[in-house]
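Peer 1: my questions are about this predicted structure, shown below with the sequence.
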Amino acid sequence: MARRILHLDLDAFFAAVEQRDKPSLRGKAVVVGGAGPRGVVATASYEARRFGVKSAMSGAEARRRAPTAAFLGGRFPAYRESSRIVMGLLREVSPLVEPLSFDEAFVDLSGSDWGDDLAGRVAWLRAELTRRTEGLTASVGVGSSKFLAKLASEAAKPDGARILAPGDELGFIAPLPVRAIPGVGPATEQRLITIGLYTVEDLRGADRAELVRELGTAAGESLAALAWGRDERPVEALRDPKSISTEDTFAVDLTDRSQLEALLRRDAAQVVDRLHKASLFARTVTIKVRFADFTTRSVARSLGGATDGLDDITSAGLAMFDEIDIRQGVRLLGIGVTNFSTSAQEKLFGEEPPVADERVAGPGEEVVLSGVRGRGDYHPGADVEHAELGRGWVWGSGLGRVTVRFETRGTGPGPIRTFAVDDEALRPVDIDPLPMALRDDDA
């Protein structure tokens, strides 16, 4: 009996959350990310995609293509909350859920009671997801493997479902271009086209030895198997993270070491916070530095034991950074931890813990980051509240002023007002949470 694997992908997730929470943006072009000259697009709404805007595109190119789109900084607490609700719902279907990201997961339906009326069950799942998230939608695919389920959900986009009967799967994938197979990027696609292989059906007729000769043993064998729909990868319900990291891309190249060290300390604190939430301990710290000429240097250092200590991790990062020449300018700086343990381990040979560097950045202008997260309390899209006018979000800011549109997901489009940035009646606030009945706090 064929396995039944479900793949769920939330539609334009980050942008959809923003449109849900901001009624005036529904049906409009919305881009999350792309701030600053080096920012990249995290997600574009389907309205923005009609202009050619897509994920990973530079913010400058996205603005050129869709100059009237709303460009918003990311609100990750809002995305995490909706993601928790969705993953909790999937775990009600089956205990075998493998989240891939905030907005995507595999579900092995052998752990469910979905034996009959699969189409009806999938329809219920999609409707219940929309109800619990107050308006988000998802595309769902079902097949006998992860590979086929993911291709089915891609075919169902946006806001649809595609259930592949076992006997229809090979016919479904046969006409697809070779680039539809995971791992086939532009370079591999061009090599396959050069030898006359354009579609999945072409791959089936290819000589396996020729594929191995062109792509190497592992890639050639894998491609030959996937062309016949063979993918035995299990749904892994408990996936331990391989690394935890964060990084910043700067709008201008930085050469002030104290400024960069302050950013490294801040990012180390974020990494340690995530380490605590995962109940893990790290043995290795890594820093990543990208220079003005785009060359990148990564340096790793063992901690001697397994720890979740902020001082240990920060000190290791600072010590490695101290050895790097930054005179040409730094455009990206990051820190991460790897090599995890589920329990703390003492350092070998009675080593003393390193002493954290207590230097702080001197006075000066705020560092301008370029990326998905919004910068400052009043970045476009940020949640705010006015003492008299209530909840709203930042429409725009600059020159000492903040423009706010007063609306929430439960209202219609609201009015716009402008205030001085130091107006005591205006303050940043946390996200407006979804009703408790819709949240899965244990997910």
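Peer 2: Sure thing, it's come through.
Peer 1: and the average pLDDT for stretch 383-391 is what?
Peer 2: Throughout stretch 383-391, pLDDT has a mean value of 96.
Peer 1: actually, stretch 403-418.
Peer 2: 96.
Peer 1: can you give me the end-to-end distance of that stretch?
Peer 2: Length of stretch 403-418, first residue to last, Cα to Cα, to the nearest Å: 4 Å.
Peer 1: just how off-centre is it within its chain?
Peer 2: Centroid displacement of stretch 403-418 relative to its chain, using Cα atoms, centre = their mean, to the nearest Å, is 28 Å.
Peer 1: stretch 227-244 now?
Peer 2: Between the centre of stretch 227-244 and the centre of its chain there are 18 Å (Cα atoms, centre = their mean).
Peer 1: for it, buried residues please.
Peer 2: 227, 229, 231, 235, 237, 244 (16 or more other Cβ atoms under 10 Å). Bear in mind the C-beta positions are built from the backbone N, C-alpha and C, glycine included.
Peer 1: can you check the distance spanned by that stretch, start to finish?
Peer 2: Note: stretch 227-244 ends 34 Å apart using Cα to Cα.
Peer 1: which residues sit against that stretch?
Peer 2: Here stretch 227-244 makes contact (Cβ atoms under 8 Å, 6 or more residues apart in numbering) with 5, 95-99, 106-108, 144-148, 169-170, 173, 181, 200-201, 203-204, 225, 271, 274-275, 278, 280, 282, 286, 336-338, 340.
Peer 1: filter these down to the buried ones, PyMOL style.
Peer 2: Here is the PyMOL selection string for the buried members of the contacts of stretch 227-244, based on 16+ other Cβ under 10 Å:
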select buried, resi 5+96+97+98+99+106+107+108+144+145+146+147+148+169+170+173+181+200+201+203+271+275+280+282+286+336+337+340
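Peer 1: which of the contacts of stretch 227-244 fall in helices?
Peer 2: Mapping these onto helices (DSSP state H) picks out 146-148, 169-170, 173, 200-201, 203-204, 225, 271, 274-275.
Peer 1: give the next helix or strand downstream of the helix or strand harbouring residue 19.
Peer 2: Using DSSP states H and E, residue 19 sits within helix 13-21. Downstream of helix 13-21, the first helix or strand assigned by DSSP H and E is strand 30-33.
Peer 1: that following strand packs against which elements?
Peer 2: helix 13-21, strand 41-44, helix 46-49, helix 59-65, strand 70-72 (3 or more Cβ pairs under 8 Å, 6 or more residues apart in numbering; DSSP states H and E).
Peer 1: including mean pLDDT and distance to residue 30, could those go into JSON lines?
Peer 2: Converted to JSON lines, these look like this (pLDDT from 0 to 100; distance: least, Cβ to Cβ, whole Å):
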{"stretch": "helix 13-21", "mean pLDDT": "97", "distance to residue 30": "5"}
{"stretch": "strand 41-44", "mean pLDDT": "92", "distance to residue 30": "7"}
{"stretch": "helix 46-49", "mean pLDDT": "97", "distance to residue 30": "6"}
{"stretch": "helix 59-65", "mean pLDDT": "93", "distance to residue 30": "11"}
{"stretch": "strand 70-72", "mean pLDDT": "95", "distance to residue 30": "5"}
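Peer 1: could you export these as TSV, including distance to residue 91 and mean neighbour count?
Peer 2: Formatted as TSV, the helices and strands packed on strand 30-33 follow (distance: least, Cβ to Cβ, whole Å; neighbours: other Cβ atoms under 10 Å):
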stretch	distance to residue 91	mean neighbour count
helix 13-21	19	25
strand 41-44	24	25
helix 46-49	28	21
helix 59-65	35	18
strand 70-72	30	24
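Peer 1: quick revisit: work out the gap between the helix holding residue 19 and the centre of the chain.
Peer 2: So, by Cα atoms, centre = their mean, the centroid of helix 13-21 is 14 Å from its chain's centroid.
Peer 1: contact partners of it?
Peer 2: By Cβ under 8 Å, 6+ apart, helix 13-21 touches 10, 25-28, 30-33, 42-45, 48, 70, 72, 74-75, 78-79, 82, 102-103, 133-137, 381, 393, 408-409, 431-432.
Peer 1: lowest pLDDT pick from the buried residues of stretch 227-244?
Peer 2: Within the buried residues of stretch 227-244, lowest confidence goes to residue 237 (84).
Peer 1: please report the distance of it from residue 91.
Peer 2: Distance from residue 237 to residue 91, counting by Cβ to Cβ, to the nearest Å: 9 Å.
Peer 1: determine which two of the ones in helices among the contacts of stretch 227-244 are furthest apart.
Peer 2: Based on Cβ to Cβ, the longest span within the ones in helices among the contacts of stretch 227-244 runs between 201 and 275 and measures 47.1 Å.
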